[in-house]
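have a look at this prediction, sequence included:
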Amino acid sequence: MHKVFISYHHKNDQCYKEELLRINERNKIFEDISVDTGDIDEGLSDEKIREKIRDEYLKNSTVTILLVGQETKKRKHIDWELYSSMYDGTVNKKSGILVVNLPSINCNNYWVTHDSERERVYPENTKWESINNRSEFELRHPYMPPRIIDNLVKKAKISIVGWEKIKADPSKLSFLIDATYNDRATCDYDLSTEMRRANS
């Protein structure tokens, strides 16, 4: 099983993380090594929190699952987790990233990047279209963190799937995690955006 870090807004979206872990427990899809509420002292400095997330949690992960809710893109810790997941350091290597749109954002748009993903995850879809500019990505994914948008524009291998799709068929989650893991080494991430300094 791949080691997965789940990045999410703890206050708003804890119930979805817990449901994802229940799905995983029933289906044995991945090993969860993410931060849970209360694991890190909120009284620590921002720099220390960022260091602990990177060195104690993300260091051993190979796939990051980002749960996108209404406030996700405004959270500094999520941006740090994404940056650290994308950064290919000498000790902490880059991870693959899979994005899951939560029901709270009411977004039915998705994005496909991996081999066989269309057939395995969306066999019902017979018509596909391409997006090539940032404004169109932002229009279709208004709750997406800017760092993910940067990399969708760059065509990094980041897939976006809806919550109901993986909840209804956990084998699709398993396929997406495997594909994300397999393609992580070839992801040339865009890290040009400065890390978020504060929540908004």
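Right, received. Where do you want to start?

what helix or strand is the most centrally placed residue in the chain on?
By CA atoms, centre = their mean, the chain has its centre lying nearest to residue 66, at 2.5 Å. Taking DSSP states H and E as the definition, residue 66 sits inside strand 63-68.

I'd like the next helix or strand past that strand.
Scanning forward in sequence from strand 63-68 by DSSP H and E, the next helix or strand is helix 76-86.

how big is the angle separating that next one from strand 63-68?
150 degrees (axes from the mean of the first three to the mean of the last three CA atoms, to 10 degrees).

pull the distance from helix 76-86 to the chain's centre.
The chain centre lies 10 Å from the centre of helix 76-86; the measure is CA atoms, centre = their mean, to the nearest Å.

can you name every helix or strand that it contacts?
In terms of contacts (3 or more CB pairs under 8 Å, 6 or more residues apart in numbering; DSSP states H and E), helix 76-86 is packed against strand 2-7, helix 46-52, strand 63-68, strand 96-101, helix 146-153. The way it works is simple: take the backbone N, C-alpha and C, and place the C-beta from them, glycine included.

of those, flag the one that's most buried.
Among these, strand 96-101 has the highest mean neighbour count (mean count of other CB atoms under 10 Å), at a mean of 26.

where does this structure dip in pLDDT?
For the chain, residues meeting the criterion pLDDT under 70 lie at 35-42, 46, 50, 57.

let me see the contact set for the closest residue to residue 189 other than its chain neighbours.
Here the nearest residue to residue 189 in space, its sequence neighbours aside, is residue 86; by CB to CB, 6 or more residues apart in numbering that works out to 3.8 Å. Shown in contact with residue 86 (CB atoms under 8 Å, 6 or more residues apart in numbering): 94-95, 97, 147, 151, 187, 189, 191.

how far away is residue 86 from residue 28?
Separation of residue 86 from residue 28 (CB to CB, to the nearest Å) stands at 28 Å.
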